[in-house]
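Student: requesting a structural model of the entry that follows:
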Amino acid sequence: MAEPSRRTGIPREQLSAHIGGEFIGSVVEVVSGLFSKGWLSVVVNAVAGVIALGYATYATGVPERLRREMLSMGSHLAFRSLELVKFSEFWHSLRATAEAIKTGDVNAVLSSVLKTPSEVAAEILGAGATYTPLPAPLTPPPRTPPAPTPTPEGVY
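Tutor: Reported below is the predicted structural model:
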C-alpha cells in the first residue's frame with residue numbers, strides 16, 4: 001500500500017481501510033448473490049449495507065480503521081443494491097413471491113428467492129454448466145407380509 005499511497009497522496013491507513021472495506025463489501029455481495037435471487041438478493045445487500053453504515057456512524061468505541069472499513073463496505077453494499085435493481089424485475093419477483101405465499105406453495109416461495117442447486121452450480125462453474133444430482137440411495141423393495149397359515153378346525 002506504500003506505493004499507491006505515495007502516488008495518490010492518500011495516507012496509507014485511509015487507503016488500506018477503503019480498499020479493505022470495498023473488498024469485504026464485494027465478498028458479501030458475491031456470497032449473497034450466489035444463493036439468493038430476485039428481491040431477496042437486493043434486500044440482503046441493502047440491509048447489510050445499512051447495518052454497516054449505522055454501525056460505523058452510531059456505534060461508540062469503534063476503532064477508526066474499522067469505522068472506515070465499515071463506511072466503505074456499507075456504502076458499497078447500499079448503493080450497489082440501488083444500481084443493480086432493475087425495478088421491473090424486482091417487482092415481478094416480489095409479486096411472484098406474494099402470489100406463492102397467497103396460494104400456500106412453499107416450493108414456489110423458496111424458488112422465487114433462493115437459487116436451485118443447478119443455478120448455484122452454473123454460477124460457480126460458469127455459464128453452460130449443468131448440475132447432475134447424486135443418484136438416490138438404493139432402498140430395498142418393500143417386503144410383503146407372509147400369508148396367514150390356515151388353522152385346522154376346532155383348534156383354538
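Student: excluding residues flanking it in the chain, which one is nearest residue 77?
Tutor: Computed as C-beta to C-beta, 6 or more residues apart in numbering, the closest residue to residue 77 that is not its neighbour in sequence is residue 49, at 3.1 Å. Glycine gets a C-beta too; all of them are placed from N, C-alpha and C.
Student: center of this protein, which residue is that?
Tutor: In the chain, the centroid-proximal residue (C-alpha atoms, centre = their mean) is residue 32; its distance is 3.1 Å.
Student: show the contacting residues for that one.
Tutor: Residue 32 makes contact with 41, 44-45, 48, according to C-beta atoms under 8 Å, 6 or more residues apart in numbering.
Student: which residues touch residue 65?
Tutor: By C-beta under 8 Å, 6+ apart, the contact set of residue 65 is 13, 16-17.
Student: so which of those residues sit within strands?
Tutor: Among the contacts of residue 65, no member falls in strands (criterion: DSSP state E).
Student: filter the residues you listed to the buried ones?
Tutor: With burial judged by 16 or more other C-beta atoms under 10 Å, the buried subset of these is 16-17.
Student: out of the contacts of residue 65, which are inside helices?
Tutor: Counting by DSSP state H, the contacts of residue 65 place 13, 16-17 in helices.
Student: how about a markdown table for those, with distance to residue 107 and pLDDT added?
Tutor: Shown next, in a markdown table, are those (distance: C-beta to C-beta, whole Å; pLDDT from 0 to 100):
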| residue | distance to residue 107 | pLDDT |
| --- | --- | --- |
| 13 | 50 | 81 |
| 16 | 46 | 80 |
| 17 | 44 | 80 |
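Student: and the residues you listed, which is closest to residue 150?
Tutor: Ranked by distance to residue 150 (C-beta to C-beta), those are led by residue 17 at 87.4 Å.
Student: just to revisit the earlier point, can you say which helix or strand has the residue nearest to residue 77 in it?
Tutor: Following DSSP states H and E, one finds residue 49 within helix 38-58.
Student: which parts of that helix are buried?
Tutor: 38-46, 48-49, 52-53, 55-56.
Student: so which elements touch that helix?
Tutor: Of the remaining helices and strands, those touching helix 38-58 by 3 or more C-beta pairs under 8 Å, 6 or more residues apart in numbering; DSSP states H and E are helix 12-35, helix 64-84, helix 87-103, helix 106-113.
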